[in-house]
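J.: Build me a model from this:
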Amino acid sequence: MRNTASWTFDAIPDQSGRLVVVTGANSGIGYVTAGELARRGARVVLACRDPERGRAALERMKEEIPGADLELRRVDLASLASIREFAAGWDLGRLDLLVNNAGISMVPYAVTEDGFESQVAVNHLGPFALTGLLLPHLLAAPDPRVVAVSSLAQRFARFDLDNLNAERGYSPMFTYAVAKRATLYFALELQRRADAAGLRLRSMAAAPTLTRSNILTGGPHAAKGWLYRTITPLVLRVAFRPTPEGAQTSLYAATVPDLPGGSYVVADGPIQMYGSPTLRTRDRALRDTVTAQRLWEVSERLTGVTYEGVMRQA
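T.: Predicted coordinates:
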């Protein structure tokens, strides 16, 4: 077990020369992640769904970090067309780091334009497609890294690949857990396939602490009843940690130089809810290679994005 008790943002090494994409960078953990990487010299692309919110975040970050090298680009992870447009328009050459941070949590049932349940689409299928389409640019980098932001909720998933899109009953909480388990499976399977192909790509997963962000209050949650809108902010203030603490695991996974590929970074406190970043090695999902492989095949079929050709040619 790696000793991370004293790890803070101050331990992040110089990021100069590194080109980074952070999805969902307009708020919450994504905003902090993008900002800390930019603060240390990385060129950071804020990949956001809402152009107006993205521009506001970009301007705020520029004020907070004078001289930061920042750019805003639009991508909607609920739309395969938007993801393909983002990837097709990539004109910055190699990509050193992709942080698949954007996500939604425990929202009312909805189906995307591609026919996917929205939580599975945004948290897993969208990042799967985006990573695959950006893979040639990642593999052009000398030390490429992909970070998938999962959740401690994945531990409670009732994972059924035959009901991935929640056609047989929908629970906002348990479908979220399934989507975040899929995120973890994807990160680990990507590493296994990169290793098998002899690629230098490192794929990491990170689970934030319980964090105060708008993932439980913004977007689709705005339409919920007054009781939810009243109680949830109170619970977030009392039981959840400040957003910078939540971003620690993502930044640890993204920046620690000697971190091995396939690492799963979580908080070291009770039930992974609080604490400093640490590596988790004992989790049933980490050993379930059969389900991870099956999910990969299903994800390729649903998204139409395949990795094998790119990995073979690299």
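J.: Going by C-alpha atoms from here, please, whenever you check contacts or count neighbours.
T.: Fine.
J.: Which parts of the stretch 51-200 of the chain are helices?
T.: Ranges of helices in the stretch 51-200 of the chain, per DSSP state H, counting those that start in this stretch, are 51-64, 80-88, 118-120, 126-139, 172-196.
J.: The stretch 201-314 of the chain now?
T.: Going by DSSP H, counting those that start in this stretch, the stretch 201-314 of the chain shows helices at 226-239, 243-246, 248-255, 284-287, 289-303, 308-313.
J.: who wins for proximity to Arg181 among those helices?
T.: helix 284-287 (7.7 Å; Cα to Cα).
J.: Could you list the low-confidence segments of this structure?
T.: Applying pLDDT under 70 to the chain picks out residues 1-5, 211-241, 271-272, 314.
J.: residues contacting Thr131?
T.: Shown in contact with Thr131 (Cα atoms under 8 Å, 6 or more residues apart in numbering): Leu98.
J.: And it, how far from Arg193?
T.: Thr131 is 14 Å from Arg193, where distance means Cα to Cα, to the nearest Å.
J.: Out of the helices of the stretch 51-200 of the chain, indicate the one that is most buried.
T.: helix 118-120 (a mean of 28; mean count of other Cα atoms under 10 Å).
J.: Tabulate the helices of the stretch 51-200 of the chain in a markdown table, adding columns for distance to Thr243.
T.: Shown next, in a markdown table, are those (distance: least, Cα to Cα, whole Å):
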| stretch | distance to Thr243 |
| --- | --- |
| helix 51-64 | 15 |
| helix 80-88 | 27 |
| helix 118-120 | 21 |
| helix 126-139 | 22 |
| helix 172-196 | 19 |
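J.: looking at those helices, which is closest to Val290?
T.: For the helices of the stretch 51-200 of the chain, the distance to Val290 is smallest for helix 172-196, at 9.8 Å, taking Cα to Cα.
J.: Off-centre distance for the closest one?
T.: How far helix 172-196 lies from its chain's middle: 10 Å, per Cα atoms, centre = their mean, to the nearest Å.
J.: most packed of the helices of the stretch 201-314 of the chain?
T.: Highest mean neighbour count of these: helix 248-255, a mean of 26 (counted as mean count of other Cα under 10 Å).
J.: helices or strands next to that one in the packing?
T.: Contacts defined by 3 or more Cα pairs under 8 Å, 6 or more residues apart in numbering; DSSP states H and E place helix 248-255 against strand 145-149, strand 202-206, strand 264-267, strand 277-279.
J.: Include distance to Ser82 when you put the ones you listed into TSV, please.
T.: Formatted as TSV, the helices and strands packed on helix 248-255 follow (distance: least, Cα to Cα, whole Å):
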stretch	distance to Ser82
strand 145-149	19
strand 202-206	24
strand 264-267	29
strand 277-279	33
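J.: for the helices of the stretch 51-200 of the chain, which one sits closest to Leu19?
T.: helix 126-139 (9.9 Å).
J.: Kindly export the closest one (C-alpha atoms) in PDB.
T.: The C-alpha atoms that make up helix 126-139 are tabulated as PDB, following Å, rounded to 0.1, in the frame of the first residue of the first chain:
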ATOM      1  CA  GLY A 126     -19.800   8.500 -23.800                       C
ATOM      2  CA  PRO A 127     -16.400   8.300 -22.200                       C
ATOM      3  CA  PHE A 128     -15.800   4.900 -23.800                       C
ATOM      4  CA  ALA A 129     -16.500   6.400 -27.300                       C
ATOM      5  CA  LEU A 130     -14.500   9.600 -26.600                       C
ATOM      6  CA  THR A 131     -11.400   7.700 -25.400                       C
ATOM      7  CA  GLY A 132     -11.500   5.300 -28.300                       C
ATOM      8  CA  LEU A 133     -11.800   8.100 -30.900                       C
ATOM      9  CA  LEU A 134      -9.000  10.100 -29.200                       C
ATOM     10  CA  LEU A 135      -6.800   7.100 -28.800                       C
ATOM     11  CA  PRO A 136      -4.600   7.800 -31.900                       C
ATOM     12  CA  HIS A 137      -3.700  11.200 -30.400                       C
ATOM     13  CA  LEU A 138      -3.100   9.600 -27.000                       C
ATOM     14  CA  LEU A 139      -0.800   7.000 -28.400                       C
END
